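Colleague: coords please:
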Amino acid sequence: MPSKQKSISVADYLLTRLLQLKVTEVFQIPGDYVKHFTQALEDFNGIETIGAINELDAAYAADAYARTRGLGAVSLQYGVSTYSALNAIAGAYVERAPVVVISATPGADARNLTDMYGMLFHHSTGNLAADEEIYRHVTVGAITLSSSEGAPEQIDALLVEALTHQRPVYIACYKEVWAEPCAPPSSTPLKPRPFKTEPRLLENAVTQAWSMISAAKNPLILAGVEVLRHGLSPLLEQVISASGMLYTTTSLGKTVLDEKGDKFIGTYSDAASAGPVLDLVKNSDCVIALGAIMTDDYLLLVTNKYADMVLCTTDEMRAGYFKYEGIGLKDFMEALLEQFKKNKAYPVKTIAPPLPKFPEPWVSSSDPRWNNQPEVITFNRFFQHLVKFWDDNKLMKESVLTLGVSSSMYVATNINGMSKNSFISSAAWQIIGYETGAAAGAQLGSKKRAWTVAGDGGFMMLCQSLSTLARNNLDAVIFVMSNGVYAIEQVYVNVDSFNDGPDAPPFDAFDVLPKWDYLALAKAFGAEGYRAETVTELTAVLGKLKKRSKKPILVEVVIPKKDLPRQMKRLGKEQFPGPIETYS
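Modeller: Residues are numbered from 1 along each chain as shown. The predicted model follows:
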């Protein structure tokens, strides 16, 4: 039913639509062009303004919020803000996070002055359409409204695109338009646009896929992030149950389901996977990849298993060497489910190997230098103790973990037993520093406590986010893995630098970081600060984190400069495509 109000401002129209879609926080950077929107946001009942410290901070937070809530929004100033946030929105585009980017451009008055006098307005390159043009490359829709006429329809269409594709959109107005009146929205929330596959195309694709699946002796399901983003997790559970097959997930798709039951084998992160996961994937003669974005992290898998892979995403569908156009992910999964249900050979009887919360036998010998030094904190020892702390205190279900690309991200994929949608990572776009900015959005979006594990290099890129957490009374925990180097970068430059002895090449100068006083930094930003240099100290610090507070907590975790987890050592040696046997 339409609202009884005769008119509403364009800003309030968008905010009403966002609230209907359960967006109760909008991240913001102020600016004069966008003032009419930010003033409306300040006064709007039901949505809280979350002031961020800089544009990447705001946009990373909006991205993590979108991943945990279903939709996120960030309000940015024209030009100087939108350009700064571009990296974050590109990541949201690649990793399927529906963020609404809100901005405003110079208005009709400014444009007239430009036409008359050739005036260059602040924050502009001279091309007043440049923001929209640039954002078209990292969104599924970008518009600039010059009038309130038709604004409701255009806003609705843009939001539907974001929901349908689970990717960002960009909406700007001439400065004055956000305050102009328009018709109010209906009380019915917007929904994704349905996609329906042509039946004969679907039949062809399923027939070819089924010929591969039914002939396989060791088929395996590889689930990806699109299953989660498009609300297909319950359907995936049905497919797993009806087929009886074991399943794994990609790193980006980790926690597409609750990690429980006897069908989950652990997360497959290619060379960084735990040994039993590697063996099961290597021995599979048919990998059924559903909603999985195949990045170069999976180069060995794809090159070795191409002919034995059934792959269906929102962008592509193939069964072995056969490709099919116009196949919907949901339609394919439903058709596959029907095949399993009507075939008496299914469900097959398979049980996954027992899964420890963190695979200690696999990682304990990852670097023998520390085997006789039990007090030394290594990457793997840190996660062993963190996971044990969560498990002992029943915190796993109440926690969301955020990670940028770092050694920690690859090690953390070995954690098992996490809850659905509780692993937020930059595993495809691979942003260093994402994790700290994402903490605020992950905590607000999920209503769970955010636990962030950052490399010291990544934290240095976005340490100001600690102030955003403090400003908004969020008790997220930020662990800084302090080894003084960009370890993940050095792994790919020359992994032999992590060796001991006089023949080991030095770390490249650009991978060596400055020394920071993290405890002083925590105090300056209004956070609590701790430091752990031994396992005993780490255990003591973790004990202090049981109690919730209204302050973020920064923990410097000191690890050896040359600690190289077995997971990263394997990745460092993965330079060119080769047989999966090279994993051993």
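Colleague: Show the low-confidence segments of the stretch 351-500 of the chain, by residue range.
Modeller: 360-367 (pLDDT under 70).
Colleague: ranges for the helices of the stretch 151-300 of the chain?
Modeller: Under the criterion DSSP state H, counting those that start in this stretch, the stretch 151-300 of the chain contains helices at 151-165, 199-215, 225-229, 233-243, 275-282, 299-305.
Colleague: which helices and strands sit right next to the third one?
Modeller: Under the contact criterion of 3 or more C-beta pairs under 8 Å, 6 or more residues apart in numbering; DSSP states H and E, the helices and strands touching helix 225-229 comprise helix 233-243. Where C-beta positions appear, they are placed from N, C-alpha and C, glycine not excepted.
Colleague: If you count contacts, what does the helix it packs on end up packed against?
Modeller: Helix 233-243 packs on strand 219-223, helix 225-229, helix 329-342, going by 3+ C-beta pairs under 8 Å, 6+ apart.
Colleague: how about the longest one: buried residues?
Modeller: So that's helix 329-342. By neighbour count, with 16 or more other C-beta atoms under 10 Å as the criterion, the buried positions of helix 329-342 are 329-337, 339-340.
Colleague: can I get the CA coordinates of that helix in PDB?
Modeller: Extracted as PDB, the C-alpha positions of helix 329-342 are listed here (Å, rounded to 0.1, in the frame of the first residue of the first chain):
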ATOM      1  CA  LEU A 329      22.400 -20.900 -10.300                       C
ATOM      2  CA  LYS A 330      19.200 -21.500  -8.300                       C
ATOM      3  CA  ASP A 331      17.600 -23.300 -11.300                       C
ATOM      4  CA  PHE A 332      20.600 -25.600 -11.800                       C
ATOM      5  CA  MET A 333      20.800 -26.500  -8.100                       C
ATOM      6  CA  GLU A 334      17.100 -27.300  -8.000                       C
ATOM      7  CA  ALA A 335      17.300 -29.400 -11.100                       C
ATOM      8  CA  LEU A 336      20.300 -31.200  -9.600                       C
ATOM      9  CA  LEU A 337      18.400 -31.800  -6.400                       C
ATOM     10  CA  GLU A 338      15.600 -33.400  -8.300                       C
ATOM     11  CA  GLN A 339      18.000 -35.700 -10.100                       C
ATOM     12  CA  PHE A 340      19.400 -36.900  -6.700                       C
ATOM     13  CA  LYS A 341      15.900 -37.400  -5.300                       C
ATOM     14  CA  LYS A 342      14.700 -39.600  -8.100                       C
END
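Colleague: Any idea how far it is from the middle of the chain?
Modeller: 27 Å (C-alpha atoms, centre = their mean, to the nearest Å).
Colleague: Stretch 271-285 too?
Modeller: Here stretch 271-285 is found 24 Å from its chain centre; the criterion is C-alpha atoms, centre = their mean.
Colleague: Just the CA atoms of it, as CSV, please.
Modeller: Extracted in CSV, the C-alpha atoms of stretch 271-285 (Å, rounded to 0.1, in the frame of the first residue of the first chain):
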residue,chain,number,x,y,z
ALA,A,271,47.9,-25.2,-1.3
ALA,A,272,47.0,-23.7,2.1
SER,A,273,44.5,-26.4,2.9
ALA,A,274,44.9,-29.0,5.6
GLY,A,275,46.4,-32.3,4.4
PRO,A,276,43.2,-34.4,4.6
VAL,A,277,41.3,-31.8,2.6
LEU,A,278,44.0,-31.7,-0.1
ASP,A,279,43.9,-35.5,-0.3
LEU,A,280,40.1,-35.7,-0.7
VAL,A,281,40.0,-33.0,-3.4
LYS,A,282,43.0,-34.6,-5.2
ASN,A,283,41.3,-38.0,-5.3
SER,A,284,37.9,-36.6,-6.4
ASP,A,285,37.0,-37.6,-10.0
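Colleague: Flag the shaky bits of the protein, pLDDT-wise.
Modeller: Residues of the chain that meet the criterion pLDDT under 70 lie in 1-5, 360-367, 573-584.
Colleague: make it 50
Modeller: 1-2, 362, 365, 575-584 (pLDDT under 50).
Colleague: Help me confirm that residue 376 comes into contact with residue 537.
Modeller: No - in terms of C-beta atoms under 8 Å, residue 376 does not count as a neighbour of residue 537; the distance is 11.5 Å.
Colleague: deepest of the helices of the stretch 151-300 of the chain, which one?
Modeller: With neighbours defined as mean count of other C-beta atoms under 10 Å, the helices of the stretch 151-300 of the chain peak in mean count at helix 225-229, which reaches a mean of 25.
Colleague: Tell me how far that one lies from the chain's centre.
Modeller: 11 Å.
Colleague: again, but for stretch 313-321
Modeller: For stretch 313-321, the distance from its own C-alpha centre to the chain's C-alpha centre is 23 Å (C-alpha atoms, centre = their mean).
Colleague: Just the buried residues of it, please?
Modeller: Along stretch 313-321, the positions that meet the burial threshold by neighbour count (16+ other C-beta under 10 Å) are 313-314, 317-320.
Colleague: Can you tell me which of the residues you listed lies closest to residue 200?
Modeller: Proximity of the buried residues of stretch 313-321 to residue 200 (C-beta to C-beta) peaks at residue 317, which lies at 14.0 Å.
Colleague: Contacts only, for that closest one.
Modeller: With C-beta atoms under 8 Å, 6 or more residues apart in numbering as the criterion, the residues that contact residue 317 are 205, 311, 323-325, 327, 332.
Colleague: What's the local residue count around residue 419?
Modeller: Residues within reach of residue 419, counting by other C-beta atoms under 10 Å, total 18.
Colleague: distance between the ends of stretch 292-299?
Modeller: Taking C-alpha to C-alpha, to the nearest Å, stretch 292-299 runs 13 Å from one end to the other.
Colleague: Domains of this structure: list them as residue ranges, please.
Modeller: For the chain, the structural domains run 8-182, 199-342, 360-573, going by automatic domain parsing.
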